[in-house]
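A.B. asks: Need a 3D model of the following:
(chains A and B)
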Amino acid sequence: MITLGHYLILSGIIFSVGIVGVTTNRNVLKILLSLELLLAASNLSFVAFSKFNGDYTGQLIVFFVILVAAAEVAVGLAIIVLMYRRLATIQADDLKELKW
Amino acid sequence: MSISSYFFYFFAAVLVTASLCVVLARNPLYNVLSLVVAIFSLSSLFVLLEAYFVGIILLLVYAGAVLVFFLFVVMCLNLNAETSSPPLEHGRLRVLGWTCGLSFLSFFILGVKSFLAAQAAVEPSSIRGTIETIGKILFTDYLLPFELTSLLLLIGVFGIVSLAKGALSTGTEEADQ
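C.D. replies: The predicted structure is shown next:
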């Protein structure tokens, strides 16, 4: 029998993998992908709590999180393309100046 | 063990492996493609939890739109493994990141254990997140946040257009100079 704890521990594993990705990668694109992992992990725990508490609110929050993540990714990728045009690199370490 | 337990363990294993690939693979193309695999198995887990609507939205929006956008950017910028992953001289940062992630995981598991010990065993309820049930709540109780989301997406579109226009105008100025 799969309990709430199984889902929560799975989402914790995914979240910590995402934290490792955000902190160790220096490529801005990979940092953005790891942020997607963090969002996916929290979505999983929201849906699991919704199922085990008998409340639809968790699933609605996941719906809104997906929409916000879509907007966030669009803006983030636009900034990455802009950064590549200006600096010809997408390493986070090369962003040293406050003004272009 | 019922058949849904086997499905849970299978999709959980695929999800963990794919997310490790997202973080550890060198080529950005493999990162994006393994995130597609991770999103597919996450959506299967949502279906196991009987959240059908959210599962299909996750597939359509994430695997269908967002990750294709990622792939488009990776191919457009022509990033290959050598230019995007120089040998990491940040050994200290790497160690710090792994300790951060692993300590978060151990604290999280301890927290989950004490949380589950504090309450009686919860049985899964019989709610089913179909389009009908979710849509009813979305268009009654959550109507205002739902409409505000469209405003958010509109602001996102404005932001992207202004970023792209700024890039184009500075590009022509540099060409003029």
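A.B. asks: any chance you could map the strands in chain A?
C.D. replies: Counting by DSSP state E, chain A has no strands at all.
A.B. asks: Any stretches of it with poor pLDDT?
C.D. replies: A:99-100 (pLDDT under 70).
A.B. asks: again with chain B
C.D. replies: Ranges of chain B meeting pLDDT under 70: B:1, B:80-90, B:120-121, B:167-177.
A.B. asks: distance of the residue most central in space within it from residue B:136?
C.D. replies: For chain B, the residue nearest the mean C-alpha position is residue B:39 (6.8 Å; CA atoms, centre = their mean). Residue B:39 sits 27 Å away from residue B:136, going by CB to CB, to the nearest Å. The C-beta positions use only the backbone N, C-alpha and C, and glycine is treated the same way.
A.B. asks: gap between the longest helix along chain B and the chain center?
C.D. replies: As assigned by DSSP state H, the longest helix anywhere in chain B is helix B:143-176. The chain centroid and the centroid of helix B:143-176 are separated by 22 Å, computed with CA atoms, centre = their mean, to the nearest Å.
A.B. asks: quick one on the thing from earlier: for the residue nearest to the centre of chain B, identify the helix or strand it belongs to.
C.D. replies: Per DSSP states H and E: residue B:39 is located in helix B:28-48.
A.B. asks: buried ones in that helix?
C.D. replies: Across helix B:28-48, burial judged by 16 or more other CB atoms under 10 Å in any protein chain shown covers B:28-29, B:31-48.
A.B. asks: got the residue ranges for the helices in chain A?
C.D. replies: So, for chain A - with DSSP H - the helices run A:4-24, A:28-53, A:57-87.
A.B. asks: Make a markdown table out of those and add mean neighbour count.
C.D. replies: Shown next, in a markdown table, are those (neighbours: other CB atoms under 10 Å in any protein chain shown):
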| stretch | mean neighbour count |
| --- | --- |
| helix A:4-24 | 22 |
| helix A:28-53 | 22 |
| helix A:57-87 | 19 |
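A.B. asks: need those in TSV with distance to chain B, can you?
C.D. replies: TSV is the format used below for the helices of chain A (distance: least, CB to the nearest CB, whole Å):
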stretch	distance to chain B
helix A:4-24	3
helix A:28-53	5
helix A:57-87	4
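A.B. asks: Could you take those and lay them out as a markdown table, with extra columns for distance to residue B:147?
C.D. replies: What follows is these, written out as a markdown table (distance: least, CB to CB, whole Å):
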| stretch | distance to residue B:147 |
| --- | --- |
| helix A:4-24 | 30 |
| helix A:28-53 | 22 |
| helix A:57-87 | 12 |
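A.B. asks: coming back round to it: the helix holding residue B:39 - contacts with which helices or strands?
C.D. replies: helix A:28-53, helix B:3-24, helix B:52-57, helix B:67-77 (3 or more CB pairs under 8 Å, 6 or more residues apart in numbering or on different chains; DSSP states H and E).
A.B. asks: So for residue A:92, which of the ones you listed sits nearest?
C.D. replies: The closest of these to residue A:92 is helix A:28-53. By CB to CB, the value is 5.4 Å.
A.B. asks: quick check: angle from the closest one to helix A:57-87?
C.D. replies: With axes from the mean of the first three to the mean of the last three CA atoms, to 10 degrees defining the directions, helix A:28-53 sits at 180 degrees from helix A:57-87.
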